[in-house]
Each structure stands twice: as C-alpha cells, then as structure tokens.
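A.B. asks: sequence-free structure coming up:
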C-alpha cells in the first residue's frame, strides 16, 4: 500500500517538545513536521536550518499556490522535492537546507530546471546565510544561459541579517 503525504499545518511547538522529537529519531513526528512548517511560514530561516542541523539531515518545505505546506526530511546529504498529492500548482516557494553552505547543487539545479514551469521561487539555507532564486524579469544575472535555467535569477548569498530575518 502506497502512503501519500498530506499537507502539514504549521505550528511552533514548545522547544522542549521539539528537542524530544529530535532525540527520538522519529522523522515522521507530527511535532517536527508542524514545527518545520511553522518556522518556514514565519520566515524563521536560521531556526529552520538549526532544526535540520540538529536532525543531521536536509529538510525541504514546499508551499503550494493556496499556501498549503508540505515537509520532507531527507538524508544527511540530500533531500528531494517530492511532488505532493493534492497540491495546487504553481508552487509559490520551495525551501531546503544544506548541511553548511547555501549554494545551488547540481541536484538543486536539476530540480529547478524540472519545476521551472510550476515553481515561482526557491531558497537554500546554510548555517548563517541563504541563497534565493525567483523567476527572472528583464536584464539580470541568470542561473543558466539556456532554458530552462535561464528563467531563474542568480542572486548573491545573503546573511540572515542582510535578509532581515
């Protein structure tokens, strides 16, 4: 029987509850997924990265057009964007964490290329900084010279302070 993921209701659980959930190793924990969704919905990027780091895993958060949120917890070196059942496209935002530095890996670039028609923007979070891309308009630096990466902006890494979070 195939298990389908459902959207997650964002909720910022008590930090002690979150630490207990992290310690339990239960990656499907409601407390973990709701907290990750809550941190993402509140643009609490540093705290979101810290939760992923505490899990020693990469985390992915996807917002659909209606503001519903899906959370995936991957491995120590990778988390894939899993198309959620029941989501409404286009997706407004894809956020994911990297173990230390924020950059567009080859896997990330492949994902952005694959989702270029149904995704509006993306963030990758590092330990004290982030990198963003969005649909490019006008004259700007692009992630690639040709389609489909040419639809994405290539933006500088920003610290969380520079990003205002």
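C.D. replies: The structure has been received and is ready for your questions. Bear in mind the structure is a predicted one, so any value in this text is a computation, not a measurement.

A.B. asks: Quick one: mean pLDDT over stretch 15-25.
C.D. replies: Mean pLDDT, stretch 15-25: 97.

A.B. asks: Identify the residues contacting that stretch?
C.D. replies: If you take CB atoms under 8 Å, 6 or more residues apart in numbering as the criterion, stretch 15-25 is touched by 13, 29, 31-32, 35, 51, 54-55. (C-beta placed from N, C-alpha, C; glycine too.)

A.B. asks: Residue 130 belongs to a strand?
C.D. replies: Yes: the assignment for residue 130 is a strand, going by DSSP: H, G, I helix; E, B strand; the rest coil.

A.B. asks: Give me the neighbour count for the closest residue to it other than its chain neighbours.
C.D. replies: Nearest non-adjacent residue to residue 130, counting by CB to CB, 6 or more residues apart in numbering: residue 102, 5.2 Å away. Neighbourhood size, residue 102 [other CB atoms under 10 Å]: 21.

A.B. asks: Over to the one 5 residues further on?
C.D. replies: If you count neighbours by other CB under 10 Å, residue 107 ends up with 14.

A.B. asks: List the backbone torsions phi and psi for it.
C.D. replies: With angles defined as degrees, to the nearest 10, residue 107 sits at phi -60, psi -40.

A.B. asks: Just list the residues touching it, thanks.
C.D. replies: 78, 80.

A.B. asks: ok, back up a step: for the residue nearest to residue 130, identify the helix or strand it belongs to.
C.D. replies: Assigned by DSSP states H and E, residue 102 belongs to neither a helix nor a strand.

A.B. asks: Who wins on neighbours among the contacts of stretch 15-25?
C.D. replies: Busiest of those [other CB under 10 Å] is residue 35, holding 27 neighbours.

A.B. asks: Test my guess that it contacts residue 9.
C.D. replies: No: using CB atoms under 8 Å, residue 35 makes no contact with residue 9, being 11.0 Å away.
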